[in-house]
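Enquirer: coords please:
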Amino acid sequence: MTYASVYAASIADPAAFWMEAAKAIDWDQAPTRAADAQDDGIWTWFPDGRLNTCHNAVDRHVAAGRGDRIALIHDSAMTRKVTRYSYADLQREVARVAGMIAAEGVAPGDRVIIYMPMVPEAVFAMLACARIGAVHSVVFGGFASNELAKRIDDAQPRLVLTASCGLEPGRIVAYKPLLDAAIDLAAHKVPRTIVLQRPELAASLVAGRDLDWFEALAGAEPAGCVAVPSDHPLYILYTSGTTGIAKGVVHDNGGHAVAMAWSVPNIYGVGRDETFWAGSDIGWAVGHSYIVYGPLIHGCTSVMYEGKPVGTPDAGAFWRVIRDHDVDVFFTAPTAIRAVKRDDPEGRLLAEKGTGRLRALFLAGERADPDTLGWAEAMLGVPVIDHWWQTELGWPALGTCIGLGDTRTRHGSAGHPIPGYGFEILDAEDNCLPTGEVGDIVLRLPLPPGCFPTLWQRHAHFQDAYLSQHQGYYTTGDAGLIDEDGFVHVMSRIDDIINVAGHRLSTGSIEQIVAAHPAVAECAVIGANDAIKGMIPLGFIVLKAGVKATDALVAREVVARVRDELGPVAAFKSVHVVKSLPKTRSGKTLRATIRAIANGETVAVPATIEDPAALDHIYQSVAKTSMLEG
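Expert: Below you'll find the predicted structure:
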């Protein structure tokens, strides 16, 4: 079947389409109907089904005789160790960890916070929670204490699983003091924590509350799988909210499992005897869906990497992992590829040894500019596919389904709608905009399986934030257009559409032009307040390594490019050259923070920031009395 026919079937009769897809899952009680409709337009998928997600990710592969197949490869650039776990190994480890958790009184529906680095035990913990019907909430290891405290108060966990430390290039990050401070700050008092002591740094344990991981594990009896209803929460994943209150995005067991089973072979084109690597962190939605649940439910091999794209030890780190582990399909963020391109613009480290049997690179997490896409295509010689989704959706909504034989891509676009998703571009009055016009990107309700049904303990806020702006639609918060060939272009967040003297401009379209300059490694364009024009675009650029031109020359050339392509209406004349851009740990540039600094607003350091020093670069640049103007 072709992409076109599959997509048409998913839209014409979603109930029939997803009931067929649900056959890929083992059900303890098979669903007899696809969905129940709710008043707010959200469907409860497979409402009378019962299943266990851990069984689908682990045990059923062992039962099918595939226990010797490698399930998980843990590659740590920090410790220079590689560990491989077969599906049988994974079953044994997860069952033991599940027993350890259950011994602390954790029952189905109880929450467990996992505050750990990129180590195999973090995956065991996630699957162990799923095994006994507990709801896990993964929080980045090293996350700030006050932000962790907010998540503790919201989720009210019965147990926290943590590690003594995380490893970063050139430093060891002690996790336990951060967790202790968070527990002190939180109103909800966690009754028990279990601490994985890493050899690089031992943590002090609080008597009566903290247990040593290995000691607790030694006395645990392996636990079996507990069947839960399809709509039983699998996990809560917190994402930043505009109100300053973290939003707990909920994903259920049944719809999520079906979406994972469908997406890995059909979108990414990965076979069960192949290896998939999502170069992300388990603290993000990508890590949940495509390091842990997606590949394992499908039954292929997943790579888990503890390291960075550059600096561990160099810009060839990704290519080394791909070669060493025979990665077939790789998924990472555009910012990671830009970092590699910045440090090795000629691709010498890639050319030296190649990329083995890699046949496709997928990018997501932020908009992939055409220059980065073109560079990756030229260097790798394989399809480079931009695709788009959100924490709330849980799996891709736009892309190129290479598993369905689709090969169409277009620079600047995240692709075509994935089966199950219906896209529209609307104006503020809910009118559908014609081809090529920029407006609000929305999804027709109901959303397909795998998407969030609510926010944890905040269903009214869920309705207000996502469903109220455009009746009958889910509001993505992004702006963009659909072109004449049906490609969807996600240009920017809705609040990044700026009004310059009455002209609506997308900062994403300006960034696309800026990024094409041969000296620019990465960039951000924001809308700054202006007394005359209302707003004007302001650019920040990071130069590639080895650029010999002066900052002022590059800035003038960048301004000239934008003026040539967009004309004077863009009013683009100010460019700052900075050492780095502030980003989240997933690689998203903190444009709203940059915009606030440029407008002279007081800015709190975002909880998800990767390198706080990058904010100083922005402050110093904005504070200069003479900006680099063309």
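Enquirer: closest to the centroid, which residue in the protein?
Expert: residue 286 (3.9 Å; C-alpha atoms, centre = their mean).
Enquirer: the residue nearest to it when sequence neighbours are not counted: neighbour count?
Expert: Nearest residue to residue 286, sequence neighbours excluded (C-beta to C-beta, 6 or more residues apart in numbering): residue 280, at 3.8 Å. Where you see a C-beta, it was placed from the backbone N, CA and C, and this is true even at glycine. Applying other C-beta atoms under 10 Å, we find 26 residues neighbouring residue 280.
Enquirer: the one 10 residues further on too?
Expert: Neighbour count for residue 290, taken as other C-beta under 10 Å: 28.
Enquirer: please name the nearest non-neighbouring residue to it.
Expert: Nearest to residue 290 is residue 278, by C-beta to C-beta, 6+ apart, at 3.8 Å.
Enquirer: how about residue 515, nearest residue that isn't a chain neighbour?
Expert: residue 369 (3.9 Å).
Enquirer: do the same with residue 15
Expert: Nearest to residue 15 is residue 34, by C-beta to C-beta, 6+ apart, at 3.7 Å.
Enquirer: okay, domains of the chain per the record?
Expert: 3-307+387-480, 502-629 (automatic domain parsing).
Enquirer: who touches residue 124 in this structure?
Expert: 90, 93, 94, 97 (C-beta atoms under 8 Å, 6 or more residues apart in numbering).
Enquirer: include distance to residue 307 and neighbour count when you put these into CSV, please.
Expert: Formatted as CSV, those follow (distance: C-beta to C-beta, whole Å; neighbours: other C-beta atoms under 10 Å):
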residue, distance to residue 307, neighbour count
90, 22, 25
93, 22, 21
94, 24, 27
97, 24, 28
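Enquirer: low-confidence ranges, the protein, go.
Expert: Along the chain, segments meeting pLDDT under 70 span 240-245, 495-496, 499, 501-504, 532, 569, 586, 624-630.
Enquirer: thinking again about what came up before, pick the most deeply packed of the domains of the chain.
Expert: domain 3-307+387-480 (a mean of 20; mean count of other C-beta atoms under 10 Å).
Enquirer: please state the offset of it from the chain centre?
Expert: 10 Å (C-alpha atoms, centre = their mean, to the nearest Å).
Enquirer: CSV for the contacts of residue 124, including distance to residue 431 and secondary structure?
Expert: Formatted as CSV, these follow (distance: C-beta to C-beta, whole Å; DSSP: H, G, I helix; E, B strand; the rest coil):
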residue, distance to residue 431, secondary structure
90, 51, helix
93, 54, helix
94, 51, helix
97, 53, helix
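Enquirer: over to the closest residue to residue 152 other than its chain neighbours: give its phi and psi.
Expert: Nearest non-adjacent residue to residue 152, counting by C-beta to C-beta, 6+ apart: residue 186, 4.2 Å away. When read as degrees, to the nearest 10, the backbone of residue 186 gives phi -70, psi 140.
Enquirer: for residue 419, see how far away residue 186 is.
Expert: 42 Å (C-beta to C-beta, to the nearest Å).
Enquirer: which non-adjacent residue is nearest residue 588?
Expert: Using C-beta to C-beta, 6+ apart, the closest residue to residue 588 is residue 366 (4.8 Å).
Enquirer: quickly find the element holding the one you found.
Expert: For residue 366, there is no host helix or strand (DSSP states H and E).
Enquirer: need the contact list for it.
Expert: 333, 334, 335, 587, 588, 589.
Enquirer: same deal with residue 514?
Expert: 520, 523, 525, 539, 541, 558, 561, 562, 575.
Enquirer: what's the nearest residue to residue 110 once chain neighbours are set aside in contact with, if anything?
Expert: Nearest residue to residue 110 in three dimensions, chain neighbours excluded: residue 158, at 4.5 Å (C-beta to C-beta, 6+ apart). Residues near residue 158 by C-beta under 8 Å, 6+ apart: 104, 105, 106, 110, 111, 112, 190, 191, 192.
Enquirer: equivalent analysis for residue 31, please.
Expert: So residue 31 contacts 19, 22, 46, 47, 48, 49, 230, 254 (C-beta under 8 Å, 6+ apart).
Enquirer: closest to residue 68 out of the residues you listed?
Expert: residue 22 (28.0 Å; C-beta to C-beta).
Enquirer: please name the bridge partners of residue 490.
Expert: residue 480 (DSSP bridges).
Enquirer: who are the packing partners of the strand or helix carrying residue 525?
Expert: Element membership of residue 525, judged by DSSP H and E, is strand 520-530. Packing contacts for strand 520-530, counted by 3 or more C-beta pairs under 8 Å, 6 or more residues apart in numbering; DSSP states H and E, involve helix 334-343, helix 507-515, strand 534-543, helix 591-598.
Enquirer: ok, and the closest non-adjacent residue to residue 32?
Expert: residue 48 (5.7 Å).
Enquirer: mind listing what the one you found touches?
Expert: So residue 48 contacts 29, 31, 32, 33, 230 (C-beta under 8 Å, 6+ apart).
Enquirer: tell me who's in contact with residue 211.
Expert: Residue 211 sits next to 192, 193, 194, 195, 205 when contact means C-beta under 8 Å, 6+ apart.
Enquirer: try it again at 10 Å.
Expert: Residues near residue 211 by C-beta atoms under 10 Å, 6 or more residues apart in numbering: 100, 103, 104, 159, 192, 193, 194, 195, 205, 217.
Enquirer: tell me if it really is in a helix.
Expert: No. Secondary structure assignment (DSSP: H, G, I helix; E, B strand; the rest coil) places residue 211 in strand, not in a helix.
Enquirer: from residue 161, how far off is it?
Expert: Where residue 161 is concerned, residue 211 sits at a distance of 10 Å (C-beta to C-beta).
Enquirer: now do the shared contacts for these two.
Expert: Shared contacts of residue 211 and residue 161, counting by C-beta under 10 Å, 6+ apart, come down to 100, 104, 192, 193, 194, 195.
Enquirer: nearest to residue 477, of the helices and strands packed on strand 520-530?
Expert: helix 591-598 (11.6 Å).
Enquirer: for the closest one, name the packing helices and strands.
Expert: strand 488-493, helix 507-515, strand 520-530, strand 534-543, strand 574-577, helix 613-623 (3 or more C-beta pairs under 10 Å, 6 or more residues apart in numbering; DSSP states H and E).
Enquirer: same thing but at 6 Å, please
Expert: Counting contacts by 3 or more C-beta pairs under 6 Å, 6 or more residues apart in numbering; DSSP states H and E, helix 591-598 packs against strand 520-530, helix 613-623.
Enquirer: ok, which of the ones you listed comes nearest residue 351?
Expert: Comparing the helices and strands packed on helix 591-598 by C-beta to C-beta, strand 520-530 comes nearest, at 19.1 Å.
Enquirer: the closest one pairs with which strands, and in what direction?
Expert: Counting by DSSP bridges, strand 520-530 is paired with strand 534-543 (antiparallel).
Enquirer: after the strand it pairs with comes which helix or strand?
Expert: helix 551-566.
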